[in-house]
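S.K.: pasting the structure only:
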């Protein structure tokens with residue numbers, strides 16, 4: 001049995017917890033706490049303070065462990081801890097909140113520094129009418145055209161599976177390339 005640790009990261013309220021919840025075959029282990037700041041409360045009621053954990057069995061030989069990071073800067077000490085042993089990561093970006101793009105880029109660079117593993121960037125909330133177009137987001141995020149940049153709806157199981165499979169293909173390609 002092969003297990004693959006994947007980390008789902010991104011800015012506050014990008015949809016990381018929902019992303020994991022929509023595909024996990026177990027109840028997601030979550031460390032959400034009520035938000036105390038009035039500004040953040042207008043966006044959502046609770047926030048992840050340590051991590052989210054979910055699991056998905058791809059087949060009898062492969063299980064994915066999904067670790068969601070906190071999105072708030074004050075909990076970023078958990079990022080390095082959660083990145084240990086990861087074989088790849090996903091940066092989830094809220095397509096409707098361009099004010100978070102710079103932070104998403106910074107998180108991407110931070111995780112690339114922790115480990116040179118494969119990654120994909122997912123543009124969440126693509127089902128919303130005010131979502132940015134992928135090409136515009138790719139430009140704003142200053143993503144290299146070679147980076148896998150995928151549309152996503154974190155509440156849609158098939159959409160999340162597509163993102164996970166793209167990352168898994170990148171991980172497997174790197175593992176096969178590394179064995180030669």
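M.R.: Received it, and whenever you're ready, just let me know what you need. In this text, all values refer to a predicted model and were calculated from it rather than measured experimentally. Residues are numbered from 1 along each chain as shown.
S.K.: Flag the helix or strand of the chain with the lowest per-element mean pLDDT.
M.R.: In the chain, the helix or strand scored least confidently by mean pLDDT, DSSP states H and E is helix 38-41, which has a mean of 50.
S.K.: contacting residues around residue 138?
M.R.: The neighbours of residue 138, taking Cβ atoms under 8 Å, 6 or more residues apart in numbering as the test, are 145, 149. The way it works is simple: take the backbone N, C-alpha and C, and place the C-beta from them, glycine included.
S.K.: List the buried residues for the strand or helix carrying it?
M.R.: Under the criterion of DSSP states H and E, residue 138 resides in helix 134-140. Buried residues in helix 134-140, counted by 16 or more other Cβ atoms under 10 Å: 137-138.
S.K.: same check, this time on stretch 152-167
M.R.: The neighbour-count check on stretch 152-167 (16+ other Cβ under 10 Å) flags 152-154, 156, 159-160, 163-164, 166-167 as buried.
S.K.: Generate JSON lines for these, with distance to residue 95 and secondary structure as supplementary columns.
M.R.: JSON lines is the format used below for those (distance: Cβ to Cβ, whole Å; DSSP: H, G, I helix; E, B strand; the rest coil):
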{"residue": "152", "distance to residue 95": "8", "secondary structure": "coil"}
{"residue": "153", "distance to residue 95": "10", "secondary structure": "coil"}
{"residue": "154", "distance to residue 95": "11", "secondary structure": "coil"}
{"residue": "156", "distance to residue 95": "14", "secondary structure": "coil"}
{"residue": "159", "distance to residue 95": "12", "secondary structure": "helix"}
{"residue": "160", "distance to residue 95": "15", "secondary structure": "helix"}
{"residue": "163", "distance to residue 95": "13", "secondary structure": "helix"}
{"residue": "164", "distance to residue 95": "18", "secondary structure": "helix"}
{"residue": "166", "distance to residue 95": "17", "secondary structure": "helix"}
{"residue": "167", "distance to residue 95": "19", "secondary structure": "helix"}
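S.K.: Can you read off the backbone torsions of the spatially closest residue to residue 18 that is not a sequence neighbour?
M.R.: Among residues not flanking residue 18 along the chain, residue 154 sits closest, at 4.2 Å (Cβ to Cβ, 6 or more residues apart in numbering). Note on residue 154: its backbone torsions stand at phi -60, psi -20 [degrees, to the nearest 10].
S.K.: got it, and residue 149?
M.R.: phi -120, psi 110.
S.K.: Quick one: classify residue 21 as helix, strand or coil.
M.R.: Under DSSP: H, G, I helix; E, B strand; the rest coil, the three-state class of residue 21 is helix.
S.K.: Against residue 74, how distant is it?
M.R.: As defined by Cβ to Cβ, to the nearest Å, residue 21 lies at a distance of 23 Å from residue 74.
S.K.: So, low pLDDT: which residues of this protein?
M.R.: Filtered on pLDDT under 70, the chain yields the residue ranges 31-50, 178-180.
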